[in-house]
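Participant: Let's see this in three dimensions:
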Amino acid sequence: MMKSMQEWIVLLVIFGIVSLLGNWVGYGTFPVGAIPGMVILILVSLVGMIMQKLIPIDIPSIAYVAIVGVLISMPWMPGSEQIVAMTSSINLLALTTPILAYAGIAIGRSWTDFVKLGWRTIVVASFVMIGTFLGSAIIAEVVLRMQGII
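Facilitator: Numbers count the residues shown, from 1 in each chain. Below you'll find the model as predicted:
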């Protein structure tokens with residue numbers, strides 16, 4: 001478990017640094033001001049991943065990360081106002097950049113496995129993405145019209 005934790009910490013720190021740079025370049029938030037928020041996000045992720053290994057219930061680590069994040073940001077928790085203030089300087093899209101890059105690298109490393117899936121998988125994935133995009137656009141259109149915004 002200790003080796004896994006060391007690997008997690010290294011990966012989370014790399015993701016954190018890349019996210020800070022993406023937050024700076026894309027959204028103009030200077031990295032020094034966003035470091036406390038990123039440290040909190042890294043610690044929340046690490047705690048969730050440790051909980052997934054220690055608790056014998058078979059739940060994905062992302063669920064534990066989400067639970068920890070929600071709990072520490074609840075208004076009744078001591079220090080939640082500071083936590084929310086520090087993490088609010090980090091844009092969500094800046095966090096997705098390194099995650100998607102990592103996913104791309106992972107697919108690239110197992111390209112032979114991806115090729116084995118065949119061309120049908122690419123067609124199905126394309127339809128799923130198009131359907132998700134169109135569905136989201138239709139829902140947004142309906143909701144915005146109902147609210148009178150457009």
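Participant: for stretch 65-85, which positions count as buried?
Facilitator: The neighbour-count check on stretch 65-85 (16 or more other CB atoms under 10 Å) flags 65, 68-69, 72-73, 83 as buried. (Glycine included, C-beta is placed from N, CA and C.)
Participant: Tell me how this protein divides into domains.
Facilitator: 2-110, 118-150 (automatic domain parsing).
Participant: what about the shortest one, average pLDDT?
Facilitator: In this case it means domain 118-150. Here domain 118-150 scores 84 as its mean pLDDT.
Participant: any idea how far that domain is from the chain center?
Facilitator: 21 Å (CA atoms, centre = their mean, to the nearest Å).
Participant: do the same with the longest one
Facilitator: Remark: domain 2-110 is offset 7 Å from the chain centroid, using CA atoms, centre = their mean.
Participant: Can you read off the pLDDT for residue 108?
Facilitator: On the pLDDT scale, residue 108 is placed at 65.
Participant: Please report the distance of residue 150 from residue 136.
Facilitator: The gap separating residue 150 from residue 136 is 15 Å, by CB to CB, to the nearest Å.
Participant: whoops, residue 38 was the one
Facilitator: Distance from residue 38 to residue 136, counting by CB to CB: 28 Å.
Participant: Looking at these two now, which is surrounded by more residues?
Facilitator: residue 38 (24 against 10; other CB atoms under 10 Å).
Participant: dump the residue contacts of residue 37.
Facilitator: When contacts are counted by CB atoms under 8 Å, 6 or more residues apart in numbering, residue 37 touches 86-90.
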